[in-house]
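Q: only geometry, no sequence info:
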């Protein structure tokens, strides 16, 4: 092509906002604890934003407004003044954190997963009378911060259609009301915000519409068309998806007259074929998202350059970009000096991805092809064992038979009480783990410290009167990393932190090779805890789908194959727990909904392999051994059939923020196994009373019957303090006893 030597521009759709050393996390938690005032928090936030702009300054065009104190969807709610009345306080920051975390006066907004990622967003509550109003101050201020540095800045906002599709009706909204019904009112407010940005000097504005990567009805597409026809005249608009192909939404956006489109060419390459067939104007601005914003493997620069040339064949205005916001990857690879050189050479974090983007924008930049997976990362024994499994390796005896056998082995009262697994991870515990990891505490002292904590946790649960106990997991730094450190085929990072929600950050392991278990991972801790009590103690494992979802996973083989390898390793652990006398084994799958494909077409295949991998991990036990699982913070209605297909004996599930909505879904679906709907939202510092938890249990009992309902929190307790945990569990036990007595 004649333009092969012409440079294209470089940009990214977003960037990590926690700071390279999690500075924002520490500032937020200091503020919430009263150790840092609002001015100090803003100074810390300004430093983080400055670091973000320093990093992004290597690009030709810089996204702004992508910083957030907690969540970008919550920021959007405040930008359009869609704040629930119960969260309005005299101070704007107090209102913001009341919505995010709750406070003594009100429960927070519901929280759920952001598409098929491990990021959690806060769900706006919209009603027929929600009084939208333009609040452009944050967007304008952060745009001007970048402009003052001489950067070509591009404000970023969540688009109006996605904002309403991600929202839920407020309590008391009329039957049949949908937040999308308010699109005309909201678009007028967006027009005011875009106008304010224009007055501040903004040219192009990026509106993120990730909901358009999902299947959309003809009615919804008409809404998209009308909304963007209204906004196109106000500002020059770039619409970004970032989580798969736009599909049927692509021609609608282009016909509406948007000036630019950002294509996810990692997960949505079909959009490029559609763009080529649409014969669009060569003046259409196209962002070629060829650098993966959601995984940490280096880009195949040769293949990426080929895709860029295809884009340039249809447009004269092209920028090289990340496929999505870089929010989903760690900031910098330079701290990972302990990783094997062969693995390190294949990795790319956010700063390194910026370098890949700029290299691809340079006509003389490198164009290396990706290297094949090393043979050393392959384990033929694992592959042969999986190939030899019989067709019924993932099947158990019928649930009705198992339930009778389990009731005989472990007699429990109606509405048995338990927790999800972890207990508070105190500063002393974290210091002990760090000292042991650094070689400053010998094994014997470390194990004695952890055993003392287990003994204290067991004693506390017996004092509280819980029916099924846990050992508290003091030895575990993270529910995935703990296992990754003990399985082959994984590596863990020193500082590969990624935001999950608010101040909560995780360090996803790197799953790079074939997976196998070399020794028991949890049996000694569970057996020790069981030796301290006559009550049953649950064995606690993380399921194969969640281990994949919360890791950076190899992309050289199907996810289903990798899931089966992890499942086989867990199957060995389950067998050893059962052999040690553990009567109840919980295999958590909180990410089951998370990996569900955004579009409907591939979902059936996902449901089949994801549930099979769970059953492969758990089906080797006898009927009298009870298998529990746990799911949290997702819209469970779309995976009800998958929950049933797990064939667990009891499923504990988040239900408090959604006000027990999932219980009704389970009831309508005819779900027959045990259910533990969470009655305490552990992600909020708010401690509900016994009466409130009893009311939630009554809803569950009404839908499912007393004999199948368990009483438990929404999730593990490691992020909470004992000052919150003890009164909350006291209330939970009291609530269960109250409802149990009522049912009797």
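A: Here it is on my side, so go on. Quick caveat, the model's predicted, so the values are computed rather than measured.
Q: and this protein, what are its domains?
A: Here the domain parsing of the chain from automatic domain parsing is 9-371, 403-743.
Q: What is the end-to-end distance of the shortest one?
A: Looking back up the chat, that one is domain 403-743. 21 Å (Cα to Cα, to the nearest Å).
Q: Quick one: closest of the domains of the chain to residue 384.
A: Nearest to residue 384, of all the domains of the chain, is domain 403-743, at 11.0 Å by Cβ to Cβ. (Glycine included, C-beta is placed from N, CA and C.)
Q: And that closest one, how far out from the chain middle?
A: With Cα atoms, centre = their mean, to the nearest Å as the basis, domain 403-743 stands 16 Å off its chain's centre.
Q: quick thing: my sequence starts at 47, can you match it?
A: Yes, from this point I'll number from 47; that puts the last item at domain 449-789.
Q: Would you mind checking the average pLDDT for that domain?
A: Per-residue pLDDT over domain 449-789 has a mean of 94.
Q: rewinding a little: can you lay out the domains of the chain as CSV showing distance to residue 427?
A: Listed next are the domains of the chain as CSV, based on distance: least, Cβ to Cβ, whole Å:
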stretch, distance to residue 427
domain 55-417, 21
domain 449-789, 7
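Q: quick one, helices of the stretch 647-790 of the chain?
A: With DSSP state H, counting those that start in this stretch as the criterion, the stretch 647-790 of the chain has helices at 649-664, 686-691, 707-715, 736-750, 768-789.
Q: Can you name every helix or strand that the third one contacts?
A: When you say that, I think you mean helix 707-715. Here helix 707-715 touches helix 686-691, strand 720-723, helix 736-750, going by 3 or more Cβ pairs under 8 Å, 6 or more residues apart in numbering; DSSP states H and E.
Q: tell me the most buried of those?
A: Looking across these with neighbours counted as mean count of other Cβ atoms under 10 Å, the highest average goes to strand 720-723: a mean of 25.
Q: Which other helices and strands does that strand contact?
A: On a contact count with 3+ Cβ pairs under 8 Å, 6+ apart, strand 720-723 meets strand 696-699, helix 707-715, helix 736-750.
Q: how does it look with 6 Å?
A: In terms of contacts (3 or more Cβ pairs under 6 Å, 6 or more residues apart in numbering; DSSP states H and E), strand 720-723 is packed against strand 696-699.
Q: Direction included, what does the strand it packs on pair against?
A: Here strand 696-699 is paired, per DSSP bridges, with strand 672-677 (parallel), strand 720-723 (parallel).
Q: Out of those strands, which is closest to residue 212?
A: Closest to residue 212 of the strands paired with strand 696-699 is strand 672-677 (Cβ to Cβ; 19.9 Å).
Q: what angle sits between the closest one and helix 707-715?
A: If you take axes from the mean of the first three to the mean of the last three Cα atoms, to 10 degrees, strand 672-677 sits at 120 degrees to helix 707-715.
Q: ok, and what's touching strand 672-677?
A: Under the contact criterion Cβ atoms under 6 Å, 6 or more residues apart in numbering, strand 672-677 has outside partners 452, 466, 630-636, 638, 664, 692, 694-699.
Q: could you say which helix or strand contains the residue most central in space within the chain?
A: Among the residues of the chain, the one closest to the centroid is residue 164, at 1.7 Å (Cα atoms, centre = their mean). Assessed by DSSP states H and E, residue 164 sits outside every helix and strand.
Q: how far away is it from residue 542?
A: 13 Å (Cβ to Cβ, to the nearest Å).
Q: Give me the spatial nearest neighbour of residue 394, chain neighbours excluded.
A: Setting aside the residues directly before and after it, residue 394 is nearest to residue 344 in space (Cβ to Cβ, 6 or more residues apart in numbering), at 4.6 Å.
Q: what about the one you found, how many neighbours?
A: 18 (other Cβ atoms under 10 Å).
Q: burial count for residue 787?
A: 10.
Q: Sorry, wrong one. I was asking about residue 80.
A: Residues near residue 80, counting by other Cβ under 10 Å: 7.
Q: go on, residue 68?
A: 18.
Q: show me what contacts it?
A: 543, 551.
Q: and if you look at residue 491?
A: By Cβ under 6 Å, 6+ apart, no residues touch residue 491.
Q: Helix or strand next in line after the one helix or strand it maps to, which one?
A: Using DSSP H and E, residue 491 sits within helix 489-510. Per DSSP H and E, helix 489-510 leads on to helix 527-530 as the next helix or strand towards the C-terminus.
Q: Other residues contacting that next one?
A: In contact with helix 527-530 (Cβ under 6 Å, 6+ apart) are residues 522, 536, 538, 555, 588.
Q: One more: stretch 473-489?
A: Residues outside stretch 473-489 that contact it (Cβ under 6 Å, 6+ apart): 492, 495, 520.
Q: Serialize these to CSV and add fields for distance to residue 382 and neighbour count.
A: Below are those laid out as CSV (distance: Cβ to Cβ, whole Å; neighbours: other Cβ atoms under 10 Å):
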residue, distance to residue 382, neighbour count
492, 25, 17
495, 28, 19
520, 27, 25
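Q: Out of the residues you listed, which is nearest to residue 158?
A: Of the contacts of stretch 473-489, the one sitting nearest to residue 158 (Cβ to Cβ) turns out to be residue 520, at 29.1 Å.
Q: quick one, helices of the stretch 497-646 of the chain?
A: Under DSSP H, counting those that start in this stretch, the stretch 497-646 of the chain gives helices at 527-530, 569-576, 590-595, 605-625.
Q: Which neighbouring elements make contact with the longest one?
A: For helix 605-625, the packing partners by 3+ Cβ pairs under 6 Å, 6+ apart come out as strand 556-563, helix 590-595, helix 649-664.
Q: Try it again at 8 Å.
A: Helix 605-625 packs on helix 426-433, strand 533-537, strand 556-563, helix 569-576, strand 585-588, helix 590-595, strand 630-634, helix 649-664, going by 3+ Cβ pairs under 8 Å, 6+ apart.
Q: closest to residue 155 out of those?
A: helix 590-595 (23.0 Å).
Q: What are the contacting residues of the closest one?
A: Applying Cβ atoms under 8 Å, 6 or more residues apart in numbering, the contact partners of helix 590-595 are 164, 525-526, 529-530, 557, 605, 608-610, 612-613, 616, 634-638, 640-641, 656, 659-660, 662-663.
Q: residues in contact with residue 574?
A: Neighbouring residues of residue 574 by Cβ under 8 Å, 6+ apart: 497, 500, 517.
Q: ok, those residues vs residue 434, which is closest?
A: Of all the contacts of residue 574, residue 434 sits closest to residue 517, with 34.2 Å by Cβ to Cβ.
Q: what's the spacing between the closest one and residue 778?
A: According to Cβ to Cβ, residue 517 and residue 778 sit 19 Å apart.
Q: Have a look at the two and say which one is more surrounded.
A: A count of neighbours by other Cβ under 10 Å puts residue 517 above the other of residue 517 and residue 778, at 30 against 27.
Q: in the stretch 247-396 of the chain, which spans are helices?
A: 264-278, 295-302, 316-324, 347-358, 387-390, 396-407.
Q: Tell me which of these approaches residue 571 most closely.
A: Closest among the helices of the stretch 247-396 of the chain, using Cβ to Cβ: helix 387-390, at 29.4 Å.
Q: hang on, isn't residue 141 packed against residue 130?
A: No. The pair residue 141 / residue 130 is not scored as a contact, 9.6 Å apart, by Cβ atoms under 8 Å.
Q: related to what we said a few turns ago, okay, and the common contacts of residue 164 and residue 542?
A: Contacts common to residue 164 and residue 542, judged by Cβ under 8 Å, 6+ apart, are residue 554.
Q: Now stretch 432-449: buried residues?
A: 432, 439-440, 442, 445, 448-449 (16 or more other Cβ atoms under 10 Å).
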